[in-house]
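Visitor: 3D model of this:
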Amino acid sequence: MERTQLELDNTLSLKRSQLLDALSQHVFNDLPAHLIRIHDMKLLSRTDLWEDLRATIQGLSSADLLALHPPKEDVQTRVKYAIFSHRWGAQEPSYQLLSQDEGWADYSTPINCPGLLKLLRFCDKVRAHGCAYAWSDTCCIDKSSSAELEEAIRAMYKWYRYAEVCIVHLAETDTLADFENEPWFRRGWTLQELLAPKRITFYNKDWYPISVDNVRRAESRNDKEDWRVLRAISQVTGISAGDLRHFRPGCERVSEKMRWASRRETTRTEDVAYALIGIFDITMPISYGEGRWAFHRLIQCIAQHCSEPGFFAWAGDASPYSLALPYSPASYGISVLDVQMATGLRLTGSVFEEVGDRTYSITKLGLQIKLLLLPMRWIRHEQGGSYTLSFTEGTFLETNPSPTLSQAYYEIFKPEHCVLGVLDYARVDGDRGSVRVGERYFCLLLKRSRRLGYIKARTDKVLVWNCVEGVTKDLENVCLLNTLSSYDRDIAI
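Guide: You can find the predicted model right below:
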């Protein structure tokens, strides 16, 4: 009998210890640095939250401990927090206000601060959703701490993912019909706030639920399961219902994800890149003041982790720091490769055969990649005096769009030694590539440099080639150079 009691005591002690360990891991590694405790509207640090929950676990009865789920699952059910998504407006409450003024949420006094009133309405919805804690980016980040700000930016996707519900306030919307003109869908940071949460609820400008007429029903709904809401969002953002419901971050489908971000805006230039860290599941240091270098670092990091040809499906201006890399998400926008033109292209590879070079990489000189190169030349048209690319054998290049040069431009710059670099060729016999009649491929227009490399020509649109004659040939290891030498001349089409 004594042995049985001892074994039971040891079991209970072990379960309590495992639960406390799981709680510590979850609080200090998975949760935001600060949360608002809803029942007394107090701002808690991670240590405060740990102490708050530890006392609860210490007070669990033997029966409760024996009935527990696995520790990690149980802990997550104990720390249910709602997260806020909105557009910043006037007089937003700060971390300093909530941490220093214990009466900030006093409902007995008139509130003339729009930002504070918005936060209180959010907390009302959090309470209605049955969550004990809340997080808002305006007041739950100590922005005077560079370390905390950096952690918040790098971990924000995860925080939105772990939230019990994401509550979205659309400040300029009445109904679903207004989504097209709602600025929330055009902000850079709200892309991950839309994709990351498992459960989301939209409220209009007057804090009524978008998807249902009954306010109480809204607190039990997930707008990601409402086909009307999904359809309205898809029409505005171009994101499929499948991605809206079950998005997975990572460095796949780069061109598609960048297209989602291409029409979004941020106040700070650096945030164009920082807002995409979670979308692509990468990590990089945060350094406000670096300007466009931030996106260059982001795209370099993506290039090192991506193995799909679609990474190169961009056009327009190149990065100020490398002619081989895009300038911004807009370089992948619908204006350079629309959905109809992309149909049939193997931007993400193929499950049936090996497509393109999956091992391209960044070097000091530029971007190293194996391409199927087709020699080209410029053919002069008698009428109009313009020049069009053709194969050296004399067959005109059938691409959409068709690269052309004016006679004046050609005579000044003489863009010779051009080749077409096919990206989504089929890999055959190791280091040989093949293109097939009747299929479409996307390509780079390249000019040979005097520095044992190639320069990517600037085109306004992604070049899509309609193959009229099959080719199988050896692949060439090409370096797409970062910069022009003083001897090289650029091609702008």
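
Visitor: any idea which helix is longest in the chain?
Guide: When the chain is scanned for its longest helix (criterion: DSSP state H), the result is helix 2-29.

Visitor: same for that one, what does it pack against?
Guide: Under the contact criterion of 3 or more CB pairs under 8 Å, 6 or more residues apart in numbering; DSSP states H and E, the helices and strands touching helix 2-29 comprise helix 46-58, helix 62-66, helix 71-78. No exception for glycine: its C-beta is placed from N, CA and C like everyone else's.

Visitor: moving C-terminal of the helix or strand of the chain with the lowest mean pLDDT, what's the next helix or strand?
Guide: Comparing helices and strands within the chain by mean pLDDT, DSSP states H and E singles out helix 407-413 as the least confident, with a mean of 53. Toward the C-terminus, helix 407-413 is succeeded by strand 418-422 as the next helix or strand (DSSP states H and E).

Visitor: any low-confidence regions in the chain?
Guide: 1-3, 107-111, 213-219, 381-416, 451, 485-493 (pLDDT under 70).

Visitor: for it, longest strand please?
Guide: Here the longest strand in the chain is taken by residue count, with DSSP state E as the criterion, and it is strand 366-380.

Visitor: quick one: it to chain centroid distance?
Guide: Distance of strand 366-380 from its chain centroid, counting by CA atoms, centre = their mean, to the nearest Å, is 31 Å.

Visitor: After the longest helix of the chain, which helix or strand is next? Please name it.
Guide: Proceeding N to C from helix 2-29, the next assigned helix or strand is strand 34-37, under DSSP H and E.

Visitor: buried stuff in stretch 222-232?
Guide: Of the residues in stretch 222-232, those scored as buried under the neighbour-count criterion (16 or more other CB atoms under 10 Å) are Asn222, Asp223, Lys224, Asp226, Val229, Leu230, Ala232.

Visitor: In helices, which of these appear?
Guide: The members of the buried residues of stretch 222-232 that map onto helices under DSSP H are Val229, Leu230, Ala232.

Visitor: and which of those is nearest Cys139?
Guide: Val229 (28.0 Å; CB to CB).

Visitor: Would you agree the closest one is in contact with Thr173?
Guide: No: the pair Val229 / Thr173 is not scored as a contact, 11.8 Å apart, by CB atoms under 8 Å.

Visitor: In contact with the closest residue to Thr348 other than its chain neighbours: list those residues for me.
Guide: Residue nearest to Thr348 in three dimensions, not counting chain neighbours: Glu308, with 4.9 Å by CB to CB, 6 or more residues apart in numbering. With contacts defined as CB atoms under 8 Å, 6 or more residues apart in numbering, Glu308 is in contact with Glu252, Arg253, Val254, Leu347, Thr348, Gly349, Gly356, Arg358.

Visitor: Please report how far Glu308 lies from Leu367.
Guide: Counting by CB to CB, to the nearest Å, the gap between Glu308 and Leu367 amounts to 14 Å.

Visitor: The spatially most central residue of the chain: what secondary structure?
Guide: In the chain, the residue lying closest to the centroid (CA atoms, centre = their mean) is Ile279, at 2.9 Å. Under the three-state scheme (DSSP: H, G, I helix; E, B strand; the rest coil), Ile279 adopts coil.
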